[in-house]
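>>> Pasting the sequence and the predicted coordinates here, then a few questions.
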Amino acid sequence: MSASGRCERLAAAAGTAPWLGADLWWCPPSVWSGPQALWLTLPVDSPWALEPAHAPALLAGDWAAQAADADALRAGLRNHLHTLLWASGPARSSAGVRLGPPEQAPAAVPTPESPDARVDRLDVDAPTTPACADMLQAAWDDKPVSEHLFTERLCMPDGQGGWVRARLALDYSGPQIAPGSLMAYVLAWRHRSAPLPLWADALASDIAQRCRPSRLSLQLHFASADGGLAVSSWRTKHPQQPPAWARWLG
């Protein structure tokens, strides 16, 4: 994990961000020392991604002193995030900042109504090797399908001696993804090392590369075990209606 609390998106830094989407951070007052809960919508085409574990340090500042002027507070946070995400380079997009009461629940990937969508139901041996795209299988010679797949068993080291468990949901059209291969791939993430802010990019890239869907929308949600920061991510390559939580940027 970077000591600066940031990790580099090499593709985006070269001006070729491969995904559309956004990351939503929900930060209660205990995370950023502000007067209310903070909702940040972070772009995915910036050269730098922010590491959730470093949120208190990344958002450190005398924000409470600006609490009386909400517009000034939001503007100050946007400028702060601009510097973190874009450094001295030109910005292609901006972060969204919203304040709200701490009791508002953070966005999460909803549990599917159909039990068939849950790959967690499958009895799959957990691999002992790191997750890689080659673990995934799809029925390339069969008729394409459109379906929704969901798991709550994505789990990965957080870089600080603990674990982060996440919800993952896929909506796709194309060759049918073999549910057992997806479950094995998800379980193998326990052995994979990647910065938390790049999870969604890595997952979407592996699935797109190996399963070749004609349309893919991926949602990922994880939260800190102590009830602090929560993160929701959305990735797609195809213009479409985003999740409700990703429809605001102000």
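Arrived safely, thanks for sending.
>>> Contact partners for C7?
1, 48-49, 51, 195, 197-198 (C-beta atoms under 8 Å, 6 or more residues apart in numbering). All C-beta spots, glycine's among them, are computed from the backbone N, C-alpha and C.
>>> so where's the protein uncertain?
1-3, 10-17, 64, 105-108, 158-162, 225, 227, 245-250 (pLDDT under 70).
>>> Can you name the residues that contact the residue nearest the centre of it?
Geometric centre of the chain, nearest residue: S233, 2.9 Å, by C-alpha atoms, centre = their mean. Residues near S233 by C-beta under 8 Å, 6+ apart: 21-24, 199-200, 218-221.
>>> one more time with 7 Å, if that's ok
21, 23, 200, 219-220 (C-beta atoms under 7 Å, 6 or more residues apart in numbering).
>>> Just the buried ones among the contacts of C7, please.
When the contacts of C7 are checked for burial by 16 or more other C-beta atoms under 10 Å, the buried set is 48-49, 51, 195, 197-198.
>>> which residues of this structure fall in helices?
Ranges of helices in the chain, per DSSP state H, are 10-13, 29-32, 55-58, 70-86, 179-187, 199-211.
>>> so how far is W32 from the residue nearest to H238 when sequence neighbours are not counted?
Excluding the flanking residues, the one nearest H238 by C-beta to C-beta, 6 or more residues apart in numbering is R215, at 5.0 Å. Note on R215: its distance to W32, by C-beta to C-beta, to the nearest Å, is 36 Å.
>>> again, but for P175
From P175 to W32 the distance is 43 Å (C-beta to C-beta).
>>> Show me which of these two is the more surrounded one.
Neighbour totals were compared for P175 and W32, and W32 leads with 24 against 19 (other C-beta atoms under 10 Å).
>>> Report the spatially closest residue to the more buried one, excluding sequence-adjacent ones.
Closest to W32 by C-beta to C-beta, 6+ apart is L59, at 3.9 Å.
>>> What is the burial count for the one you found?
23.
>>> quick one: contacts for it?
Counted by C-beta under 7 Å, 6+ apart, L59 has contacts 27, 31-32.
>>> cool, V231 as well?
23-25, 52, 222.
>>> Among these, which one sits closest to T41?
L24 (5.5 Å; C-beta to C-beta).
>>> what about the strands in this protein?
6-8, 20-27, 37-42, 48-50, 96-100, 138-139, 145-157, 163-174, 176-177, 215-223, 230-236 (DSSP state E).
>>> mind checking which of those strands is nearest A188?
Between the strands of the chain, strand 145-157 lies closest to A188; by C-beta to C-beta that is 10.0 Å.
>>> what's that closest one packed up against?
strand 163-174, helix 179-187 (3 or more C-beta pairs under 7 Å, 6 or more residues apart in numbering; DSSP states H and E).
>>> Nearest residue to V44 in space, please, no chain neighbours.
Using C-beta to C-beta, 6+ apart, the closest residue to V44 is G21 (5.0 Å).
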